[in-house]
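Everything below, folded, please.
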Amino acid sequence: MTQFERLTIDDIARLANVSRTTASMVLNGYAERYRISAATVERVLQVAKEHHFTPSQSARALRSRRSNTIGLVIPDLTNSVHSALAQAMEWQCRGQYGCQLVVVTSDEDPVRETEGIAHLVSHQVDGLVVVPCTADPERYQKWVKRLPLVFADRRVEGSAIPSVVTDATGIVATLVGDAIKDGVTEVVYFGGQSELSASRDRLAGYRQALAEHGLKEATDWVHQRDYQRESGHALMQAWFATHGRYPQALFTGSITLLEGALSFMSEAHRLTQAPGRLMSFDDHQLLDCLPLAIDAIVQDSRQLAEHSLRGVFDMLEGNAHPDSLQVPAHIHYRRTSATPG
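Here you go, the predicted structure:
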């Protein structure tokens, strides 16, 4: 037996001494249409206010076929990039669309992701934005018959589901290319799951920079695991154990991988030893506080959120095929000798 009391519209009707139908009409905004007296309206609203009662959202959704909620599935709320996306989307949901955002996380686990999507669909969200954790289009296809679905931050090849992603390849090529132009002859790459579109785009930019500047990739320069902080630590530890030194330059494919690499440098050498050039995809204000100058690519979370939500609402309004989009990024240079991009 729960200790909490859940009031229903029948309780409000009883306390206001009106019929259930009258209470429902008042609380759902139909009092004027059905010519319910001002005194009755005031009495019902006063009782509802005193008991902190609002009409059932699920009941409203059944009547209107809209719940005024949007679902967001992201891999990890502790990842500053994903949390920034969620925050930007929440602001826009409330401010621009008058709806609420409901967030679930997948932990980069396909099973948990499917369970999260199913949970949101069962709660009648009007549409979904998903940062996919797999490259399998079949895992998502069954949901598009139920509600509008847009991929954010990552696309899924072979899927017709629209996506809004950062234009990563060119900006990575620019950042890594700047290091090579400054005389770097060894650039090590730490990346995430190789099957994800974000990983492929970032690695393509890295290799584009090497090709454009005539630098041949060595066999031990590229290392990919996942985007967890622990992987950055393990990759940095393994590199140092193998070579007895840090690479001349390091590019990490995410802020979480950078955090892991820095944690090893801190544990092993208190950051007194480090790669001569540090670069990362994704930025964070705490990088301004470090003794190391780290140049970072800044994604535009506001635009990623804006275009993703616009795609969802376009589909709700009848546009069955919104375009996939790429959002520009920029580089936050912290090295005084860096070349502006």
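
hey, what's the nearest residue to H82 once chain neighbours are set aside bridged with?
Nearest-residue entry for H82: I74, 4.3 Å, with adjacent residues in sequence omitted and distances by C-beta to C-beta, 6 or more residues apart in numbering. (Each C-beta comes from the backbone N, C-alpha and C, glycine too.) Counting by DSSP bridges, I74 forms beta bridges with T105.

Measure how buried I74 is and give me the count.
Look at I74: counted by other C-beta atoms under 10 Å, it has 25 neighbours.

these two touch, right, it and A86?
Yes: with contacts counted by C-beta atoms under 8 Å, I74 reaches A86, the gap being 6.1 Å.

What's the per-residue pLDDT of the residue nearest to H82 here?
In this model, I74 is scored at 97, pLDDT.

With S56 instead?
pLDDT recorded at S56 is 57.

And the helices in the stretch 1-150 of the chain?
Using DSSP state H, counting those that start in this stretch, the helices of the stretch 1-150 of the chain run over residues 9-16, 20-27, 38-50, 57-64, 80-92, 110-122, 138-141.

Out of the ones you listed, the one nearest A211 is which?
Proximity to A211 (C-beta to C-beta) singles out helix 80-92 among the helices of the stretch 1-150 of the chain, at 27.5 Å.

returning to what we had before: residues shared between the contacts of I74 and A86?
Common neighbours of I74 and A86, using C-beta atoms under 8 Å, 6 or more residues apart in numbering, are V103.

In JSON lines, list the helices of the stretch 1-150 of the chain along with mean neighbour count and distance to A179.
Shown next, in JSON lines, are the helices of the stretch 1-150 of the chain (neighbours: other C-beta atoms under 10 Å; distance: least, C-beta to C-beta, whole Å):
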{"stretch": "helix 9-16", "mean neighbour count": "18", "distance to A179": "65"}
{"stretch": "helix 20-27", "mean neighbour count": "20", "distance to A179": "63"}
{"stretch": "helix 38-50", "mean neighbour count": "15", "distance to A179": "62"}
{"stretch": "helix 57-64", "mean neighbour count": "12", "distance to A179": "52"}
{"stretch": "helix 80-92", "mean neighbour count": "19", "distance to A179": "22"}
{"stretch": "helix 110-122", "mean neighbour count": "16", "distance to A179": "35"}
{"stretch": "helix 138-141", "mean neighbour count": "16", "distance to A179": "37"}
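
Please name whichever of those helices is nearest to R207.
When these are compared (using C-beta to C-beta), the closest one is helix 80-92, at 22.7 Å.

Can you tell me how far the closest residue to C93 other than its chain neighbours is from S83?
Here the nearest residue to C93 in space, its sequence neighbours aside, is L101; by C-beta to C-beta, 6+ apart that works out to 4.5 Å. To S83, L101 is 12 Å away according to C-beta to C-beta, to the nearest Å.
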